[in-house]
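S.K.: No sequence on hand, only this structure:
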């Protein structure tokens, strides 16, 4: 059995363990469903969480940075030739198969704020970013200088860049936006929004874009719903909701619709008439999985694996041409990253 197969087996065991614990002593999925029915449906944050993508010209460079930060991020291409698969190896396609994880070693990501922010608010935000540190060997530490993570509270919604991509953002620009967060923002929103955005910074994409969950969404209904509730056009809905993640680009557990990284989506836009429940806080599977890929101990022994099977060339490139991204101009691209 390969290292990748061993890791997948462990992840499946974790998932089954969490399901059994939930059924025996915690909130069951049925109870979660009943609770979800009673609350208003909205994406992971009011106004919609947007996973920001880099300008197209930086995708290859971002892949190089991600691989240098964590060699496991590099695509697993070796077995493909033996399978007789015709794989185009141009840099852009390889870039799109590259993950964004920070790697299995303890790491502190520094945090700074772009606007004047009261000390108690800064501390509260950093505290919620660090909710992941309960199980994972990655922590967030405020700095008076320019942080790895740069937070704005400007009127631009809720969004983050993914994992190691934050190294490609000019230092005067934010890597995360928490629209209008104050000390008066409800604690439930701190848990739901800030912990979700911190997950993106750790390299976790949107869980609702797993292939199995995307298949449950009716595109026509989704276009109408997100236009009405978020003002999103068709291209944005395609990019943020309807384009499934390529299984080969993620470290996978079974799809988890109660993950903090999953949108809450209403029954009115699903094919089966059942909602995608969405997560309101880091759940048990999130916590255990974060601890697995960002271990606090035994760093050199943990290797994360991705699927090596390729169904066809067309699946290798997600629909990213439509993905919108703030483009600050090539002249401002960071020159010295590592």
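M.R.: Right, received. Where do you want to start? As the structure is a computational prediction, the values presented were derived from the model and not from experiment.
S.K.: Strands of the stretch 1-150 of the chain, start to end?
M.R.: If you assign secondary structure with DSSP state E, counting those that start in this stretch, the strands in the stretch 1-150 of the chain sit at 49-52, 107-113, 138-142, 149-152.
S.K.: And these: which comes nearest residue 266?
M.R.: Between residue 266 and the strands of the stretch 1-150 of the chain, the shortest gap by Cβ to Cβ is with strand 49-52, which sits at 16.1 Å. All C-beta atoms are positioned from the backbone trio N, CA, C, and that covers glycine.
S.K.: And that closest one, what does it pack against?
M.R.: Of the remaining helices and strands, those touching strand 49-52 by 3 or more Cβ pairs under 8 Å, 6 or more residues apart in numbering; DSSP states H and E are strand 158-161, helix 195-201.
S.K.: Now the shortest one: average pLDDT?
M.R.: Read that as strand 158-161. Here strand 158-161 scores 93 as its mean pLDDT.
S.K.: swap in stretch 135-146?
M.R.: Across stretch 135-146, pLDDT averages out at 95.
S.K.: same deal with stretch 213-220?
M.R.: If you average the per-residue pLDDT over stretch 213-220, you get 93.
S.K.: can you tell me the distance between the two ends of that stretch?
M.R.: Criterion Cα to Cα, to the nearest Å; first-to-last residue distance in stretch 213-220 is 16 Å.
S.K.: Kindly report the same for stretch 223-236.
M.R.: Taking Cα to Cα, the span from the opening residue of stretch 223-236 to its closing residue is 9 Å.
S.K.: follow-up on the earlier one: want to try a markdown table for the strands of the stretch 1-150 of the chain, with mean neighbour count and distance to residue 58 as columns?
M.R.: As requested, these are exported to a markdown table (neighbours: other Cβ atoms under 10 Å; distance: least, Cβ to Cβ, whole Å):
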| stretch | mean neighbour count | distance to residue 58 |
| --- | --- | --- |
| strand 49-52 | 21 | 12 |
| strand 107-113 | 18 | 20 |
| strand 138-142 | 19 | 23 |
| strand 149-152 | 22 | 17 |
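S.K.: on that earlier part again, may I see the helices and strands packed on strand 49-52 arranged in JSON lines, with distance to residue 62 as well?
M.R.: Rendered in JSON lines, the data for those read as follows (distance: least, Cβ to Cβ, whole Å):
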{"stretch": "strand 158-161", "distance to residue 62": "10"}
{"stretch": "helix 195-201", "distance to residue 62": "14"}
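S.K.: Return the most buried member of those.
M.R.: When you average the neighbours per residue for each of the helices and strands packed on strand 49-52 (mean count of other Cβ atoms under 10 Å), helix 195-201 leads with a mean of 26.
S.K.: List the contacts of that one.
M.R.: Applying Cβ atoms under 8 Å, 6 or more residues apart in numbering, the set of residues contacting helix 195-201 from outside is 44-45, 49, 51, 109, 128-129, 131-132, 140, 149, 158-163, 166, 175-176, 178, 260-261, 279, 281-282, 286.
S.K.: again, only using 7 Å
M.R.: 44-45, 49, 51, 109, 128-129, 131-132, 149, 158, 160, 162-163, 166, 176, 178, 260-261, 281-282 (Cβ atoms under 7 Å, 6 or more residues apart in numbering).
S.K.: Any idea what residue 141 is bridged to?
M.R.: Here residue 141 sits in beta bridges with residue 110, as judged by DSSP bridges.
S.K.: so what's it up against?
M.R.: With contact set as Cβ under 7 Å, 6+ apart, residue 141 has these partners: 108, 110, 111.
S.K.: Tell me which of the helices and strands packed on strand 49-52 lies nearest to residue 328.
M.R.: Once Cβ to Cβ is applied to these, the stretch that comes out nearest is strand 158-161, at 12.6 Å.
S.K.: Does anything pack onto the closest one? Which helices or strands?
M.R.: Other helices and strands packing on strand 158-161, by 3 or more Cβ pairs under 7 Å, 6 or more residues apart in numbering; DSSP states H and E, are strand 49-52, strand 176-178, helix 195-201.
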